[in-house]
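[1] Structural data only, the sequence is not supplied:
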């Protein structure tokens, strides 16, 4: 948390200044203290694949211990979550639905697993451009993360348990 809280605070500063969150991954090594920021290009499926590959190559080059990603996205209010599939079928995406909620999404991958947090973005009154979010007090462990932005770290033998 010592390493990622400043990154979360920086994201808050960008939103409070009226900027959007540029999708970014921070590839880090505890041993060297090195952190490499990599912008994630989300314009196409191919550009996303290229970004994921750049993260993997960077992680391998510094024998990374973690990848921390910050991405702006959309979610649904809790009361609409049970209707997720119905909403996707009707509107084609969460973004096209009338219930979409702008969110800041955080994902931390380590050799011990993946933790995520999704927090709603709210406008900072009276502005319609500047936004805020509550810093996630904890990240939630998720099991079985798959896809292009899953399993970005080099494969290594387990170093024990995480406390």
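    Sure thing, it's come through. These figures come from a predicted structure and were not determined experimentally. Residues are numbered from 1 along each chain as shown.
[2] Tell me which residue of this protein is furthest from the middle?
    Residue distances from the centre of the chain (Cα atoms, centre = their mean) peak at residue 126, which lies 27.6 Å from the mean C-alpha position.
[3] give me the element residue 69 is part of.
    Per DSSP states H and E, residue 69 falls inside strand 66-75.
[4] Pull the distance from the helix or strand following that strand to the chain's centre.
    Helices and strands here follow DSSP H and E; after strand 66-75, the next one along the chain is helix 84-91. Once both centres are worked out by Cα atoms, centre = their mean, to the nearest Å, helix 84-91 turns out to sit 23 Å from its chain's centre.
[5] now do stretch 95-115
    For stretch 95-115, the gap between its own C-alpha mean and the chain's C-alpha mean amounts to 5 Å (Cα atoms, centre = their mean).
[6] returning to what we had before: going by contacts, tell me the helices and strands next to the strand holding residue 69.
    The criterion is 3 or more Cβ pairs under 8 Å, 6 or more residues apart in numbering; DSSP states H and E, and the helices and strands that strand 66-75 contacts are helix 4-16, strand 24-28, strand 101-110, strand 113-120. The C-beta positions use only the backbone N, C-alpha and C, and glycine is treated the same way.
[7] I'd like these laid out as a markdown table, including mean pLDDT, mean neighbour count and distance to residue 65.
    What follows is the helices and strands packed on strand 66-75, written out as a markdown table (pLDDT from 0 to 100; neighbours: other Cβ atoms under 10 Å; distance: least, Cβ to Cβ, whole Å):
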| stretch | mean pLDDT | mean neighbour count | distance to residue 65 |
| --- | --- | --- | --- |
| helix 4-16 | 90 | 15 | 12 |
| strand 24-28 | 96 | 23 | 6 |
| strand 101-110 | 93 | 20 | 6 |
| strand 113-120 | 92 | 17 | 13 |
